[in-house]
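J.: All I have is the shape, not the residue letters:
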């Protein structure tokens with residue numbers, strides 16, 4: 001998309017939003033504000049937090065439905081958000097407090113002047129309160145934001161893709177992908193066999209089941225955050241901060257921004273925030289994960305322990321995937337590329353990252369799923 005066309009579309013989008021809000025104010029259709037916190041992350045500079053203020057469309061609380069028309073309608077509402085600009089949000093944590101203001105898309109994004117110690121691991125809370133929202137009647141509305149802080153026993157971190165890495169989306173098959181995209185329920189999404197077993201094995205350590213932090217990086221839009229959160233809980237996959245993309249027409253947003261640039265930038269943010277940790281990177285061959293991970297490894301020499309690329313192309317790797325895997329191996333990084341997670345589990349065991357019992361649990365989960373199919 002050319003810069004000129006993108007600029008024109010962005011202006012049109014802004015004009016439509018202004019007209020929509022003007023109409024809603026005149027007709028008394030202003031809705032109820034909703035405060036949506038995302039999981040945060042401790043960094044050497046402070047605590048990174050992000051969230052959004054929207055009108056409540058009833059999408060996130062909608063019950064599971066098998067009706068295609070119902071799901072299409074809910075999906076349209078999920079993406080056609082009524083974000084609230086200029087909302088004031090108070091925060092409190094670790095004896096400090098302050099205020100934030102939402103931007104034109106309803107987001108608030110900041111690094112708070114907080115420096116939690118390792119005793120706060122694995123999670124501590126930042127209390128949020130919506131103080132005001134232009135043109136809205138605000139009743140007392142609070143929320144808790146969980147922030148990840150690793151403890152002294154953490155040996156490494158995990159950075160994982162989401163689509164076609166832990167959850168089946170059929171991104172390489174348009175019809176399968178469309179069905180997944182319009183399903184407005186975590187129950188409608190299927191985890192790959194062994195994912196929960198392997199990720200729990202990687203996460204556990206001397207300080208319990210969440211000793212080693214896990215982070216999720218995806219080019220999916222923030223509009224899907226609640227679905228991913230529910231999916232992780234439902235499938236018993238360890239939670240972690242997510243780094244998704246904005247949805248919009250700006251240069252760096254979901255409809256127009258680059259996949260590689262976003263993922264690489266987020267991986268660098270995570271690794272820079274944890275200079276004392278090395279990382280295991282997990283992705284799939286349907287996109288450019290191998291090439292992105294190879295570049296991350298080049299930029300952070302010696303800090304990528306292992307890479308697993310789940311093969312979604314039945315062994316027919318694209319040039320960028322093959323080149324990325326070759327580059328990783330040339331750097332001496334342990335690499336697996338397979339349709340299941342068994343090879344990744346076996347490799348992790350050989351490296352001393354997980355136990356033999358964990359490998360066996362992954363193997364059994366894969367066999368049970370195949371037996372069901």
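T.: That came through, no problem. Please read these numbers as outputs of a predicted model, since none were measured by experiment.

J.: measure residue 104 to residue 91 for me?
T.: Residue 104 sits 20 Å away from residue 91, going by CB to CB, to the nearest Å. Every C-beta, even on glycine, is put in place using the N, C-alpha and C of the backbone.

J.: Which one's more surrounded, those two?
T.: Applying other CB atoms under 10 Å to residue 104 and residue 91 shows that residue 91 carries more neighbours, namely 22 against 11.

J.: Name the helix or strand for the more buried one, please.
T.: According to DSSP states H and E, residue 91 maps onto strand 88-93.

J.: continuing past that strand, what's the next helix or strand?
T.: Tracing the chain C-terminally past strand 88-93 and defining elements by DSSP H and E, one meets strand 96-101 next.

J.: per-residue confidence averaged over that next one?
T.: Strand 96-101 carries an average pLDDT of 98.

J.: Return the distance of the very next helix or strand once past it from the chain's centre.
T.: Next in sequence after strand 96-101, counting helices and strands by DSSP H and E, comes strand 107-112. From the chain centre to the centre of strand 107-112 is a distance of 16 Å (CA atoms, centre = their mean, to the nearest Å).

J.: Which strands and helices lie in contact with strand 107-112?
T.: Contact analysis of strand 107-112 by 3 or more CB pairs under 8 Å, 6 or more residues apart in numbering; DSSP states H and E lists strand 46-55, strand 88-93, strand 96-101 as its packing neighbours.

J.: Any buried residues in it, and which?
T.: 107, 108, 110, 112 (16 or more other CB atoms under 10 Å).

J.: who touches the strand holding residue 91?
T.: Here strand 88-93 makes contact (CB atoms under 8 Å, 6 or more residues apart in numbering) with 35, 47, 49, 51, 53, 97-102, 108, 112, 114, 124-133, 147.

J.: So how do I select the buried members of those residues in ChimeraX?
T.: Of those, the buried ones go into a single ChimeraX selection, burial set by 16+ other CB under 10 Å:
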select :35,47,49,51,53,100,102,108,112,114,124,125,126,128,129,130,133,147
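
J.: Count the neighbours of residue 92 for me.
T.: Look at residue 92: counted by other CB under 10 Å, it has 14 neighbours.

J.: ok, now residue 209?
T.: 12.

J.: what's the answer for residue 45, then?
T.: Residue 45: 12 neighbours (other CB under 10 Å).

J.: Just the pLDDT at the residue nearest to it when sequence neighbours are not counted, thanks.
T.: Once flanking residues are discounted, residue 45 sits nearest to residue 111: 5.5 Å by CB to CB, 6 or more residues apart in numbering. Reported pLDDT at residue 111 in the predicted model: 98.

J.: for residue 139, same thing?
T.: The model's pLDDT for residue 139 equals 87.

J.: Just confirm it is within a strand.
T.: No: counting by DSSP: H, G, I helix; E, B strand; the rest coil, residue 139 is located in no strand; its state is coil.

J.: Would you mind measuring from it to residue 238?
T.: Relative to residue 238, residue 139 is positioned 35 Å away (CB to CB).

J.: higher neighbour count, those two?
T.: Set residue 139 next to residue 238 and count neighbours by other CB under 10 Å: residue 238 wins out with 21 against 8.

J.: give me phi/psi at the more buried one?
T.: Torsion angles at residue 238 (phi, psi; degrees, to the nearest 10) stand at phi -60, psi 140.

J.: Check residue 155 too.
T.: Here is the backbone geometry of residue 155 (degrees, to the nearest 10): phi -100, psi -30.

J.: again, but for the one 5 residues further on
T.: Backbone torsions of residue 160, given as degrees, to the nearest 10, read phi -130, psi 140.

J.: so it makes contact with residue 166?
T.: Yes: shown here, residue 160 and residue 166 form a contact pair, counting by CB atoms under 8 Å, at 6.3 Å.

J.: which neighbours do these two share?
T.: residue 199.

J.: and those two? which has more neighbours close in?
T.: residue 166 (26 against 23).

J.: picking that back up, TSV for the buried residues of strand 107-112, including distance to residue 191?
T.: Listed next are the buried residues of strand 107-112 as TSV, based on distance: CB to CB, whole Å:
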residue	distance to residue 191
107	29
108	31
110	33
112	33
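
J.: Would you check which pair of those residues lies furthest apart?
T.: 107 and 112 (15.3 Å; CB to CB).
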